[in-house]
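> Show me how the following folds:
(one chain, ligands or ions: 1)
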Amino acid sequence: MKSLGDAIAIRNRLLAQLEEAETECGAPNRDHLMTFVVAGGGFAGVETIAGMNDFVHQALKFYPHIPREKVRMILVHPGEVILPELSEKLGRYAERKLEERGVEIRRKTKVTCVTDTGVCLSDGTEIDAATIIWTAGTQPNPLLKSLPCKIEKGRVCVDEFLRVPGWPGVWAVGDCALVPDPSTGKFHPPTAQHAMRQGKRLARNLLSELRGSPKKAFSFKTLGQLASLGRRTGVANILGVNFSGFVAWWLWRTIYLSKLPRLEKKLRVAVDWTWDLIFSKDLVKFLTQKGVAISEGPVAEVSEESPPRLKAV
Ligand SMILES: Cc1cc2nc3c(=O)[nH]c(=O)nc-3n(C[C@H](O)[C@H](O)[C@H](O)COP(=O)(O)OP(=O)(O)OC[C@H]3O[C@@H](n4cnc5c(N)ncnc54)[C@H](O)[C@@H]3O)c2cc1C
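Numbering: from 1, shown residues only. A predicted model of the protein is given here:
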């Protein structure tokens, strides 16, 4: 689970599984189709399973042959408490909320293999599941390994000014860069909060380089972390203060809305989210494949029955 495209693919997958399970007569096959496993109980895993759980349960009213109890959402997490980046208290709160809504949490467990029919767990159990979503860590772009400069943890090493040592004129920022944090002696985490500020610092340092004025070291402390748990609940830690429930969910939405570029985009999303408060989820499947007539351009075969507009493509 990394990009918007992944989210759309998962959404389509959920609808496809519901469609198939609705017409499936064999109980074991239906169980297989209706079991969803998410590996990793960090921010991405928790938000993904919460969103999937809400989506599937809201869609069930259109699939009368699928009993509610047949839907299994399983979150596999190696630690004792989910959301380890937040406090234990918020992690427990998130667990309670998810479990109340039917999500099964497998704590102190890892996914050890993925098979054609499901997953194996480190506690020896095998789960028969048609869908598994991986959120247990993302890797830096593999292209970075081919670069001749110093690479650690898959990322390009830079100094505190964001320069690549030994390579004059080469700089790196964001997820691909390993940026030292002198205040902790460790490295800055790969988050958007950091990447955006590194971008600004880099622009200023480039100007300083051109003008021959002193450059400034990159320095920033994480402002906070937020996770949505669905159904207007969330958990957040902002500037060291914990929030949970509706307030955290509202903060999550407001903060992410404020981060969107341009007023027009903010308004579009705000209106869309307002409709979302009034109506139930839109269950229309987004088709992602290109139509033959469009992708093949003028050479596409057009049959007699095809509508005339296809001939013009
Ligand atoms: C599921 C998920 C949730 C997250 N949630 C948060 C959050 O709530 N808050 C937060 O602060 N951070 C969050 N992050 C982390 C955040 O997304 C990243 O830290 C941030 O996007 C890094 O920015 P970047 O510009 O370095 O890289 P990216 O945003 O990944 O941008 C890299 C760009 O380079 C392009 N690219 C890749 N290869 C090539 C190539 N060969 N040539 C040209 N272009 C290429 C990519 O298509 C992409 O557009 C989340 C990450 C994930 C995966």
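
> for whichever residue of the chain sits closest to the ligand, phi and psi?
Residue nearest to the ligand within the chain (Cβ to the nearest ligand atom): G174, separated by 2.1 Å. All C-beta atoms are positioned from the backbone trio N, CA, C, and that covers glycine. Main-chain dihedrals, G174, degrees, to the nearest 10: phi 80, psi -160.

> Write out the residues of this protein neighbouring the ligand.
Within the chain, the positions near the ligand by Cβ under 6 Å from any ligand atom are 1-2, 44, 138, 141, 143, 174-176, 190-193, 195.

> follow-up on the earlier one: contact partners for the residue of the chain closest to the ligand?
190, 194-195, 198-199 (Cβ atoms under 8 Å, 6 or more residues apart in numbering).

> same deal with I127?
Applying Cβ under 8 Å, 6+ apart, the residues near I127 are 35, 37, 74, 118-119, 121.

> Please repeat the previous calculation with a cut-off of 6 Å.
I127 makes contact with 37, 118-119, according to Cβ atoms under 6 Å, 6 or more residues apart in numbering.

> element containing it, please.
Element membership for I127 (DSSP states H and E) is strand 126-128.

> Name the strands paired with that strand and say parallel or antiparallel.
strand 118-121 (antiparallel) (DSSP bridges).

> tell me how far the strand it pairs with is from the chain's mean position?
How far strand 118-121 lies from its chain's middle: 22 Å, per Cα atoms, centre = their mean, to the nearest Å.

> before we move on, back to that, export the residues of the chain next to the ligand to TSV and append columns for secondary structure.
Below are those laid out as TSV (DSSP: H, G, I helix; E, B strand; the rest coil):
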residue	secondary structure
M1	coil
K2	coil
A44	helix
T138	coil
N141	coil
L143	helix
G174	helix
D175	helix
C176	helix
P190	coil
T191	coil
A192	helix
Q193	helix
A195	helix
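
> can you give me phi and psi for R253?
When quoted as degrees, to the nearest 10, the phi and psi of R253 stand at phi -60, psi -40.

> ah, wrong one, I meant D181
Backbone geometry at D181, expressed as degrees, to the nearest 10, gives phi -110, psi 100.

> count of neighbours near the closest residue to it other than its chain neighbours?
Spatial nearest neighbour of D181, excluding adjacent residues (Cβ to Cβ, 6 or more residues apart in numbering): H188 at 5.0 Å. Neighbour count of H188, defined by other Cβ atoms under 10 Å: 21.

> which residues touch H188?
179, 181, 194.

> and the first one, how many residues sit next to it?
Other residues near V179 come to 26 when the count uses other Cβ under 10 Å.

> Check what pLDDT it gets.
Per-residue pLDDT puts V179 at 97.
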